[in-house]
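**Q** here is my input; please provide its structure:
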Amino acid sequence: MTGTEARLRLPRWLVRRSLRHPRTVLAVWVSVLVLAWGGVRLLRVDTSTDSVLDRTSPSWSFYQESLRRFGGDEVIVVAFESESPFEPAALRRVEEATRAISAVPGIRRVDSLSSVPLIEVDTEGTVRIEPPLSTALPTTAEDRRLFRDRVLRDRIAPGVLTSSDGRMLAVNALLDRDVEGRFESIVAEIRRIVGKEGALISGVPVFRTEINIHTASEITFFVLATITIIALYLYLIFRTAIAVVIPLAAGGAGTWVLLAIMGAAGTPLSLTTMILPSIMLALGCANVMHVMTSAVGVIGRDSLEKALDPILLPIMLSGLTTTIGFLAVSGVPIDAIQAIGSYGAAGVLTILGATVTAVPAALTIWPLPGRDVALASWIRRRLCPWLVDIAERRRLILLGSWALLGVVCMVGLSRLDIETDATTWFPRGSEVRESYERIRERLSGISPVNVVIESDGRRPVTSVDALEAVAKFTEYLDSMPEVGRAIAVTDPLGQLDSGITGTSTFGLPKSREQVEQYLLLLESVEQLPDLITADRSATNILLRVNNNGSDDLQRMAQSAEAWWNKHGPAGFSARSTGIMYEFARAEDQIAIGQLRGFGLAMLSVGIILVAILRHVRLAAVTLIANAFPMLIAFGGMGLLGLPLDAGTVVVGNLAIGMAIDETLHLVSGVSEQRSSEASRREVILRALNQSVPAILYTTGAIVLGFSVLAFSEFSFTRNLGVLTATVVVLCLLADVLLLPPLLGRGWRRHPD
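**A** Predicted structure coming up:
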């Protein structure tokens, strides 16, 4: 028994048994799918963005500890605009909204001009700590001028509670801890309270809610659209209904089984895994396409077995490499990304099983008509000979062109940034995006990040030198372009000290005892526990961030910690945290993990190819032909200045599995015939004639399946679909214009 025969023993046995007992095989598959219903009915749809957070890291534990110390940091900002500064009608809306939103379950506090006290010391030395709207509304021009002066000279209100011109007033609703499951109801209730006219609503919970709602509505659309488009595509190619049903049934089986496994495991269909049904349908059609192309006009079990035998090895190899591509996706310790890899791999293996069992069984009962597909005939008669000719006559030109393109794209690859900004997932002009932009322009940003200063236990954070460093640190943070506002405990302390001492410049208490006296005066201020712990072991600097890009947030956090390490007093440390920091860190983990996974996938696939093909050069050629398209795609993004985000970075691992499938069919044909007496040209031409029609059909199915994602409202999903479709098309071009010249040398030479 040869090496090839040994490798094909199992798939040949499966095909033979399926051809001999087709109805039994189909009955077994129907039984499996019926049993899978038990898992499918347990499947939940949870499109919460929480699934993309990294909950295994010490950083996440520190964030949870900061929430326990200082309270929840997620905030919903409601902004009211008016024609003139501090208009009474707008101030009245602030009062009413503050009262109503405070009563919403899940809201721990509401900060506004109606609830946040201004710290003032009158001419008689009396300390007044009360909200500016605790008295009558300013109605006259003089009252409004005095009101404006009081508010704008406060250390906290400008940029947080009001714009610098007083024409935008903010109501900040701070949420309780652990209310992620109630975001949708909280946001809906706040919208109901404030209405739409003249009110802008934004904040991380708003973004998360809108993503959840729209993602849930897109899941059904994507599945139905994928089925419809691929069904039409298959019918146009084969002109028979059975050619539509069989591939969709194989993809549907893979989808059904993976959904059943997800349901049984308690894993919900999420923001990321929602793409799996469309992917499985496209992959099912792509895998079965090779079987159907070989089975056109073939009638009888023996004839069908003989027709399918040449494609069994590449089908098995492609299933294995696609599985590796998906498993490489799961190399990140984030549930949502791991789910894509693990459940996607389960779906691919199910499709592979159906391809070598259920599909041959179905074709035995319902054979494809014997009419030749016109496109396939043209490909074999015209396209394939032309490809062989150009590969031989223009070999050096083709290889040189690809090499030059690769060098150019290497330059672009060096410029490629990894950056995710969830605010840009929404299209410009959408209500959510516009509200965010307008609030960010007039107030500070709506995204919270915290920097926690901790004592090592030897001295409290109320030590004078520590507070002086915090004040300077806050000034530094305020100067950073990513930060809209930075607020620390030194702001109320300094304002109180300036009022009591009668100095016009900002200062701080001169002793720890004085600090404690001031904190005692501020004890009634509800916002104080957000800034300092009762045991004085830690203080919290609140940042309202203007830039939500993951890379920018990471750099900001690193710069902040580096500043403190250099300028902070001994015995105190600074650490960044907060929900936006956690999202940025998770997105960074996804991107870096996927790049590592891509390298591991390439290595694993290479080892498998060498083991199966038993020819190092053929394995290397296969990898090169599939690495080039991804180099071009990602290098092109770098040249165009388009960043790689947490969605598009997954493409590398998915594409290496899917795209290599088609190359394997061509390389396998060459591998099987390279020891024959045929000339080099004849070997390549036979391999092209056998593989290229199915490769073209398959590429079309995958491109159509992923192109459906381009209709998503979110750039996260849309970019994933468009980039994957682009990479698959580039892989097709590499298969027909790069692979033949590379295959033009390297096996035992025979006279032409």
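**Q** how about the strands in the stretch 101-250 of the chain?
**A** 107-111, 118-121, 127-130, 168-175, 199-202 (DSSP state E, counting those that start in this stretch).
**Q** tell me the most buried of these?
**A** strand 168-175 (a mean of 25; mean count of other CB atoms under 10 Å). For the C-beta atoms, the positions are set from N, CA and C on the backbone; glycine is no exception.
**Q** return the list of helices and strands in contact with that strand.
**A** Taking 3 or more CB pairs under 8 Å, 6 or more residues apart in numbering; DSSP states H and E as contact, the helices and strands that strand 168-175 lies on are strand 75-81, helix 88-102, strand 107-111, helix 183-194, helix 431-442.
**Q** what's the following helix or strand after the last one?
**A** Sequence order places strand 447-455 as the next helix or strand after helix 431-442, per DSSP states H and E.
**Q** adjacent strands (with direction) for that following strand?
**A** strand 538-545 (antiparallel), strand 572-577 (antiparallel) (DSSP bridges).
**Q** wait, residue 509 touches residue 497, no?
**A** Yes: contact between residue 509 and residue 497 holds when scored by CB atoms under 8 Å: they sit 5.5 Å apart.
**Q** overlap of the contact sets of the two?
**A** Residues touching both residue 509 and residue 497 (CB atoms under 8 Å, 6 or more residues apart in numbering) are residue 518.
**Q** tell me how many other residues crowd residue 219.
**A** 18 (other CB atoms under 10 Å).
**Q** can you tell me the SS state at the nearest residue to it once chain neighbours are set aside?
**A** Among residues not flanking residue 219 along the chain, residue 274 sits closest, at 4.8 Å (CB to CB, 6 or more residues apart in numbering). Here residue 274 takes the helix state, with states given by DSSP: H, G, I helix; E, B strand; the rest coil.
**Q** identify the residues contacting residue 396.
**A** Counting by CB under 8 Å, 6+ apart, residue 396 has no contacts.
**Q** give me the element it is part of.
**A** Per DSSP H and E: residue 396 is located in helix 395-414.
**Q** mind listing what's buried in that helix?
**A** The neighbour-count check on helix 395-414 (16 or more other CB atoms under 10 Å) flags 398, 402, 405, 406, 409, 412, 413 as buried.
**Q** again with stretch 345-365
**A** Neighbour-count burial for stretch 345-365, with 16+ other CB under 10 Å as criterion, is recorded at 345-364.
**Q** next secondary structure after the lowest-mean-pLDDT helix or strand in the chain?
**A** The least trusted helix or strand in the chain, going by mean pLDDT, DSSP states H and E, turns out to be helix 3-7, with a mean of 58. Sequence order places helix 9-20 as the next helix or strand after helix 3-7, per DSSP H and E.
**Q** which residues does that next one contact?
**A** Against helix 9-20 from outside (CB under 8 Å, 6+ apart): 1, 25, 301, 304-305, 308-309, 312-313, 315-316, 356-358, 360-361, 364.
**Q** so how many other residues sit close to the spatially closest residue to residue 422 that is not a sequence neighbour?
**A** The shortest distance from residue 422 to any non-neighbouring residue, by CB to CB, 6+ apart, is to residue 207 (5.9 Å). Residues near residue 207, counting by other CB under 10 Å, number 24.
**Q** ok, residue 207 touching residue 423?
**A** Yes: assessed by CB under 8 Å, residue 207 is found in contact with residue 423 at 6.7 Å.
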